[in-house]
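Here is a sequence with its predicted model. Questions after.
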Amino acid sequence: MDFVAIASLLLGLLLSAMTFLFIFRIVLTWYPQVDLTRFPFNVIAVPTEPFLAPSRKIISPIGGVDITPILWVAIFSFVREILLGQQGLLTMMQQKGF
């Protein structure tokens, strides 16, 4: 495997995992009584909170609903598609043999 293939694999796993964690975080917003500092919920909260905390300062809740996890799912999905999609940059580099 060359560098681009390894980078594509690792980046794909990372972006997919973060998207998955943010989707779980969206589900957890439906249950406000959940303590995010306790296991197993902290496994979801710890990697996502560094993204959500600054976002909440910029985007306030709409109607009492925190939409920042939805925003981050969109961002990670978009980045994954741009880099690793069928016409993604890393995919095209891998096909060209870089």
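Arrived safely, thanks for sending. Everything numeric here is computed off the predicted structure, so don't read it as measured data.

Report the buried residues of the helix ranked longest in the chain.
With DSSP state H setting the assignment, residue counts place helix 3-28 as the longest helix in the chain. Residues of helix 3-28 classed as buried: 4, 7-8, 12, 15, 18-19, 21-26, 28 (neighbour count, 16 or more other Cβ atoms under 10 Å). From N, CA and C alone the C-beta is placed, and that goes for glycine too.

can you check stretch 39-48 too?
Applying a neighbour-count criterion of 16+ other Cβ under 10 Å, the buried positions in stretch 39-48 are 41, 44-45, 48.

can you give me how far the least confident helix or strand in the chain by mean pLDDT is from the chain middle?
Among the helices and strands of the chain, helix 89-96 carries the lowest confidence by mean pLDDT, DSSP states H and E, at a mean of 88. Distance of helix 89-96 from its chain centroid, counting by Cα atoms, centre = their mean, to the nearest Å, is 22 Å.

Stretch 84-98 too?
Worked out by Cα atoms, centre = their mean, stretch 84-98 lies 21 Å from the chain centre.

buried sites along that stretch?
Of the residues in stretch 84-98, 84, 88, 90-91, 93-94 count as buried by neighbour count, 16+ other Cβ under 10 Å.

now stretch 75-84
For stretch 75-84, burial by neighbour count (16+ other Cβ under 10 Å) applies to 75-77, 80, 83-84.

Can you name every helix or strand that the least confident helix or strand of the chain contacts?
helix 3-28, helix 68-84 (3 or more Cβ pairs under 8 Å, 6 or more residues apart in numbering; DSSP states H and E).

quick one, which of those is nearest to residue 35?
Proximity to residue 35, assessed across the helices and strands packed on helix 89-96 by Cβ to Cβ, is greatest for helix 3-28 (10.5 Å).

got the CA positions of the very next helix or strand once past the closest one in PDB?
Following the chain from helix 3-28 toward its C-terminal end, the next helix or strand by DSSP states H and E is helix 41-58. Provided in PDB are the C-alpha atoms of helix 41-58 (Å, rounded to 0.1, in the frame of the first residue of the first chain):
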ATOM      1  CA  PHE A  41     -21.900   8.400  27.600                       C
ATOM      2  CA  ASN A  42     -18.500  10.000  28.200                       C
ATOM      3  CA  VAL A  43     -17.100   7.900  25.300                       C
ATOM      4  CA  ILE A  44     -19.400   9.900  23.000                       C
ATOM      5  CA  ALA A  45     -19.100  13.200  24.800                       C
ATOM      6  CA  VAL A  46     -15.300  13.500  25.200                       C
ATOM      7  CA  PRO A  47     -14.300  13.400  21.500                       C
ATOM      8  CA  THR A  48     -17.300  15.600  20.400                       C
ATOM      9  CA  GLU A  49     -17.300  18.300  23.000                       C
ATOM     10  CA  PRO A  50     -14.200  20.100  21.700                       C
ATOM     11  CA  PHE A  51     -16.100  20.700  18.400                       C
ATOM     12  CA  LEU A  52     -19.400  21.500  20.000                       C
ATOM     13  CA  ALA A  53     -18.300  23.900  22.800                       C
ATOM     14  CA  PRO A  54     -17.000  26.600  20.400                       C
ATOM     15  CA  SER A  55     -19.900  26.100  18.000                       C
ATOM     16  CA  ARG A  56     -22.400  26.700  20.700                       C
ATOM     17  CA  LYS A  57     -20.800  30.100  21.300                       C
ATOM     18  CA  ILE A  58     -21.500  31.100  17.700                       C
END
